[in-house]
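1. sequence first, then the predicted structure, then my questions.
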Amino acid sequence: MARYGMLIDTIKCVNCYACSLACQTQNGLPDDENFIYFLEKEEGTFPNVKRDFLPVQCQHCDEPACEEVCPTGATYKDEDGIVVLDNSKCIGCKYCGVACPYSARVQLHDSMYKKGTYEDAGREYNYTVEKCRFCKELVDNGEQPACVTTCISNARIFGDLDDPESELSKAIVEKKAKPLRADLGTKPKIYYVR
Amino acid sequence: MTMWGMLIAIYLFLAGISAGSYITGILCDWYVKDERLIKLRKAAIWLATPVLGLGLGILIFDAEAGLFNPWRMAFLFNNLPFSMMSTGTLIITLFFFLLVWHGWLEFKNKFVPNWVKVTGLVLALGTAAYTGLLIGLAQVPFWNTPMLPILFSVSGVSAGIAAAFIAGVMWDKSIIEFIIPLKKVHLGLLVFEAFLLFSLLYVAASRDVTAAQSVSMILTGELALWFWGGLVFIGLVIPITSESIELIKHKQVEPPLDLNLQHFSAGKGEVMKLYFVEGATIFGGFCLRLIIISAAIPINVML
Ligand code: SF4
Ligand code: SF4
Ligand code: SF4
């Protein structure tokens, strides 16, 4: 049992979109659908402009708003704290998508995804309302999520938040990383350095 | 706009109308207590059934993953009572069965036990409230005001009364003369609705930056025409003015000595006016839901 989380260092991030491409490949997503989206904000006036660039995906909340509202129990938190989705239960009501404060859910349908990738694994995107699953299939095998291994500037660290010795836990303390909008009360597990 | 669009707006609208129409039927029985309104009562209760059925159909149609895998709908009640979707669908389903049964009793002219009416009333109020709570509990700043569920309930009942009036008068024009007590209730609801609407906008605008953006989208932005034209003018100003004028006039006119003689049996103009005014109320109810759903802006997570 672990409590998986992630750190995203937006100061190291070079906006190359490599993570979202890797994620698309890993999850068999079509070109125009993503589990990671990017927010951008400019602060201050020239020449002291601070650009805030933020890759956002499912924050794997400890108290997920999406799980709370999901009528079918399709969305649930597994024993490692990863918020996952049981496609065979999801009715596509999109309540999770409306309830998620991080706009992290995407509705996919058959004609959109690259066939073959996930049919074999029994995951069918037939109008189910999908999300980042922390690459559970890789993590369960002891590997790292695709976006983490792909990141060209090592801006992403994945690990166990319950283990104070993990690279992740140490980096969070050292870089004073904070979750996005902790005030919303869902206890997100992705920490951002900004 | 969030992931929910037009179809959910229509669904919430139909569920509200159905609940309101049923409540009108009960009001005929318990509040007005006028034997001459039997046809209105029956029409109101019958109308509620297909309208709710249509709403449920649209909900299922919008949940595509369930539509194409119908057995998954069995999981819908898995998260009782925490998910409003589970709880609400349960309420609506029970309400639907009750409507079918009550409608059948009315059709057969059988005695309707009081507990059926009480249960029906509770389920109707539950349905109306649920339409507001469903979206009110989602994490969208503009939706998180305490007024929203009340506004949706009141507007649902008001649109339901309007729909029941139309259905009743289509069946029998003469009921026009006897619905004055209900029109008073209706007018009260419309005024309350206007009050709730503006206090909702005020509270939303002052409580959160994102919600304030939603409000300006409604008042001056891309939804302004729907709001000022559809909701405020057609849906509130027209019915409120017209019903007020009518109630004032009614007070001035001495009631005919023997109502049963039907001295002034409703003329064509009277009927057309009712269709128009009540139709306007219904249209306003739809605009309200469309506006509230469309004005939703997700939380700003960059703060
Ligand atoms: S970020 Fe959204 S989708 Fe992910 S766990 Fe939290 S509420 Fe659910
Ligand atoms: S769309 Fe699927 S996962 Fe989301 S709330 Fe509905 S049933 Fe649950
Ligand atoms: S953890 Fe996996 S699923 Fe989630 S964003 Fe990264 S690559 Fe995509």
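-> Done, it's in. Ligands and ions are numbered 1, 2, ... in the order given.

2. kindly state the pLDDT recorded for B:Trp254?
-> In this structure residue B:254 is Glu, not Trp. Looking at B:Glu254, its pLDDT reads 57.

3. can you give me the helices for chain A?
-> With DSSP state H applied, chain A shows helices at A:18-27, A:65-69, A:95-99, A:136-139, A:146-150, A:167-175, listed in chain order.

4. so how far is the third one from its chain's centroid?
-> What it means is helix A:95-99. For helix A:95-99, the distance between its averaged C-alpha position and the chain's averaged C-alpha position is 16 Å (C-alpha atoms, centre = their mean, to the nearest Å).

5. mind giving me the packing neighbours of it?
-> Where contact means 3 or more C-beta pairs under 8 Å, 6 or more residues apart in numbering or on different chains; DSSP states H and E, helix A:95-99 is packed against helix A:65-69. Yep, even glycine has a C-beta here, placed from its N, CA and C like the rest.

6. what number of residues lie near A:Asp183?
-> 7 (other C-beta atoms under 10 Å in any protein chain shown).

7. and the end-to-end length of stretch B:24-35?
-> Separation of the first and last residues of stretch B:24-35 by C-alpha to C-alpha, to the nearest Å is 14 Å.

8. now do the contacts for residue 31.
-> Using chain A here. When contacts are counted by C-beta atoms under 8 Å, 6 or more residues apart in numbering or on different chains, A:Asp31 touches A:Gln24.

9. hmm, I had chain B in mind actually
-> Each residue near B:Tyr31 by C-beta under 8 Å, 6+ apart is listed here: B:Pro181, B:Leu182, B:Val185.

10. ok, B:Leu40 next?
-> Under the criterion of C-beta under 8 Å, 6+ apart, the neighbours of B:Leu40 are B:Thr24, B:Gly25, B:Cys28, B:Ala164, B:Phe165, B:Gly168, B:Ile175, B:Phe178, B:Ile179.

11. repeat for B:Val157
-> Residues in contact with B:Val157, defined by C-beta under 8 Å, 6+ apart, are B:Gly16, B:Ala19, B:Gly20, B:Ile23, B:Ala128, B:Leu189.

12. quick check, the fourth one in contact with B:Gly126.
-> Right, the one you point to is B:Ile23. No. With contacts defined as C-beta atoms under 8 Å, B:Ile23 does not count as touching B:Gly126, sitting 11.6 Å away.

13. the two: which is more packed in?
-> For B:Ile23 against B:Gly126, the residue with the higher neighbour count under other C-beta under 10 Å is B:Ile23, and the figures read 25 against 20.

14. hang on, that one is in a helix, isn't it?
-> Yes. Going by DSSP: H, G, I helix; E, B strand; the rest coil, the assignment for B:Ile23 places it inside a helix.

15. what about the closest residue to ligand 2 within the stretch 1-150 of chain B, neighbour count?
-> Proximity of the stretch 1-150 of chain B to ligand 2 (C-beta to the nearest ligand atom) peaks at B:Ala65, 6.5 Å away. The tally of other residues near B:Ala65 (other C-beta under 10 Å) stands at 26.

16. what strand or helix carries it?
-> helix B:64-67 (DSSP states H and E).

17. elements contacting that helix?
-> Contact here means 3+ C-beta pairs under 8 Å, 6+ apart; on that basis helix B:64-67 packs against helix B:38-62.

18. rounded mean pLDDT for the helix it packs on, please.
-> With pLDDT averaged residue by residue, helix B:38-62 scores 95.

19. which among the contacts of B:Tyr31 end up buried?
-> Burial by neighbour count, judged by 16 or more other C-beta atoms under 10 Å in any protein chain shown, picks out B:Leu182, B:Val185 from the contacts of B:Tyr31.

20. so what's residue 26 up against?
-> Since no chain was named, I'll use chain A. Residues touching A:Gln26, when contacts are defined by C-beta under 8 Å, 6+ apart, comprise A:Cys135, A:Leu138, A:Pro145, A:Ala146.

21. nope, chain B please
-> Residues in contact with B:Ile26, defined by C-beta under 8 Å, 6+ apart, are B:Lys117, B:Gly120, B:Leu121, B:Ala124.

22. which one of the residues you listed is nearest B:Gly57?
-> B:Ala124 (19.0 Å; C-beta to C-beta).

23. and the helix holding B:Ala65, what's buried?
-> Within helix B:64-67, the residues that qualify as buried are B:Glu64, B:Ala65, B:Gly66, B:Leu67, counting by 16+ other C-beta under 10 Å.

24. how about the residue positioned nearest the centre of chain B, phi and psi?
-> Residue closest to the average C-alpha location in chain B (C-alpha atoms, centre = their mean): B:Gly156, at 1.8 Å. Main-chain dihedrals, B:Gly156, degrees, to the nearest 10: phi -60, psi -50.

25. hmm, B:Ala44 is touching B:Leu37, no?
-> No. The pair B:Ala44 and B:Leu37 fails to qualify as a contact (C-beta under 8 Å) at a distance of 9.3 Å.

26. give the residues shared as contacts by those two.
-> Residues touching both B:Ala44 and B:Leu37 comprise B:Cys28, B:Gly168, with contact defined as C-beta under 8 Å, 6+ apart.
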